[in-house]
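# Pasting the sequence and the predicted model now:
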Amino acid sequence: MAYAAKPTPAPSAPPGKTGAPASQPALAPKVTAGQRDFCNLVSGCGLPMPQGYCPDPKFIPKPDFKFDSTRCSEARLLNSRGISPGHPLYGYNLYRFLGMEYRTLYVVEDELPISQERLAYLLADLPLSARLVSHFQNEPYTAEYVDAERRHFKGTKGKHLRGDAVLISGSSQEKRLFYFGYGIATVAWWTLKGPSLMDFSYYPDPSRTRILKYRMNLLVFPGNGVINGIMNLGLFRKVVLSKVKDVLNDITDTAKKLAVPGAAEKIQSALDWTPEEKKKISDFLKLP
């Protein structure tokens with residue numbers, strides 16, 4: 001029977017004299033600003049953490065503010081509506097902005113002289129709405145969908161407002177819509193750009209016909225403290241709120257002008273409106 005030779009142990013060197021390099025601590029992973037905001041928000045608001053998005057929490061710089069009920073309100077609401085931090089289309093970009101340090105909220109509450117059926121029709125076809133507003137209000141609006149599902153659109157209002165947005169949750173049937181997008185706006189002396197989240201809801205006034213009450217929450221994310229200060233100035237806020245109201249008023253004023261006898265007939269006989277657009281206008285006027 002053969003036996004394998006037992007290897008002779010190598011002589012041990014004195015501690016610290018082995019000649020081998022000392023073991024180094026694991027390098028901290030590089031955390032981008034977007035990851036920092038995303039991961040802190042998801043963790044701070046107690047939301048489900050998608051696998052593979054965030055490193056060990058000890059490597060993530062902590063913010064100087066708290067994720068309280070106010071800061072977490074939009075994130076928790078959208079998560080409850082199925083738009084989670086791990087959503088394949090909107091999750092990361094949406095929640096990283098919700099986690100940014102600076103945020104400014106504009107709230108508009110007013111009423112519109114239009115039926116819910118007609119407003120829902122116009123909201124469901126933004127290119128037609130833009131074409132009608134441009135025709136009746138002498139204010140150049142444009143809108144076009146960039147996806148087959150007609151959820152993602154880009155548009156302009158004159159020379160002072162342009163951007164794109166996607167309907168991430170809600171519908172006209174629910175009477176509540178959430179849009180997330182990126183825009184460039186010229187307000188008074190400033191031209192600002194950045195992401196925003198809009199929560200628009202409306203409901204009929206039970207005491208009056210063809211009157212809708214609405215509330216719009218527009219949340220924007222200034223990139224630094226200076227811009228945040230500008231966007232919270234009283235003058236700036238007043239101008240922004242008036243411009244938001246102007247858009248909705250233009251839409252409802254257009255609907256009223258279109259309903260005036262003879263207005264639709266002029267469009268039906270015009271050569272610069274397509275047969276499809278003319279049919280849509282006829283369908284619109286059949287609504288209550």
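Yep, it's here.

# List the buried residues for the helix or strand hosting residue 284?
Assignment of secondary structure by DSSP states H and E places residue 284 within helix 275-285. Buried residues in helix 275-285, counted by 16 or more other CB atoms under 10 Å: 277, 280, 281, 284. For glycine as for every other residue, the C-beta is placed from the backbone atoms N, C-alpha and C.

# repeat for stretch 228-241
By 16+ other CB under 10 Å, the buried positions in stretch 228-241 come out as 228, 230, 231, 236, 240, 241.

# Keep only those of those that are in helices.
Counting by DSSP state H, the buried residues of stretch 228-241 place 228, 230, 231, 236, 240, 241 in helices.

# and which of the residues you listed is nearest to residue 154?
Relative to residue 154, the closest of these is residue 240; by CB to CB it sits at 20.4 Å.

# With pLDDT and distance to residue 52 as extra columns, can I get the ones in helices among the buried residues of stretch 228-241 in CSV?
Compiled in CSV, these are given as follows (pLDDT from 0 to 100; distance: CB to CB, whole Å):
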residue, pLDDT, distance to residue 52
228, 75, 32
230, 73, 37
231, 77, 34
236, 75, 40
240, 82, 38
241, 83, 41
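
# Return the member of those nearest to residue 53.
Nearest to residue 53 among these is residue 228, at 26.4 Å by CB to CB.

# Do I have it right that the closest one meets residue 105?
No - assessed by CB atoms under 8 Å, residue 228 is found out of contact with residue 105, at 11.6 Å.

# hmm, back to that, can you give the contact residues for the helix holding residue 284?
Here helix 275-285 makes contact (CB atoms under 8 Å, 6 or more residues apart in numbering) with 118, 121-122, 125, 128, 131-132, 258-259, 264, 267-268, 273.

# quick one: average pLDDT of it?
When pLDDT is averaged along helix 275-285, the result is 95.

# Distance from that helix to the middle of the chain?
Computed by CA atoms, centre = their mean, to the nearest Å, the separation of helix 275-285 from the middle of its chain amounts to 30 Å.

# and if you look at stretch 81-93?
With CA atoms, centre = their mean as the basis, stretch 81-93 stands 12 Å off its chain's centre.

# For it, which residues meet the burial criterion?
Buried residues in stretch 81-93, counted by 16+ other CB under 10 Å: 83, 84, 85, 86, 87, 90, 91, 92.

# And these, which is closest to residue 36?
residue 92 (12.6 Å).

# Work out for me the element the spatially closest residue to the closest one that is not a sequence neighbour sits within.
Excluding the flanking residues, the one nearest residue 92 by CB to CB, 6 or more residues apart in numbering is residue 38, at 6.1 Å. Residue 38 is part of helix 33-44, with elements assigned from DSSP H and E.

# Which strands and helices lie in contact with that helix?
When contacts are defined as 3 or more CB pairs under 8 Å, 6 or more residues apart in numbering; DSSP states H and E, helix 33-44 sits against helix 69-80, helix 91-98.

# Which residues outside the next helix or strand after the last one are in contact with it?
Meaning helix 91-98. Going down the chain from helix 91-98, the next helix or strand is strand 104-112, by DSSP H and E. Outside strand 104-112, the residues within contact range by CB under 8 Å, 6+ apart are 119, 202, 205, 211-222, 228, 231-232, 237, 240-241, 244-245, 248-249, 252.

# Stretch 241-252 now?
106, 108, 110, 112-114, 119, 122, 129, 133, 137, 139, 141, 157, 160-161, 185, 187, 214, 216, 218.

# Cheers, nothing more for now.
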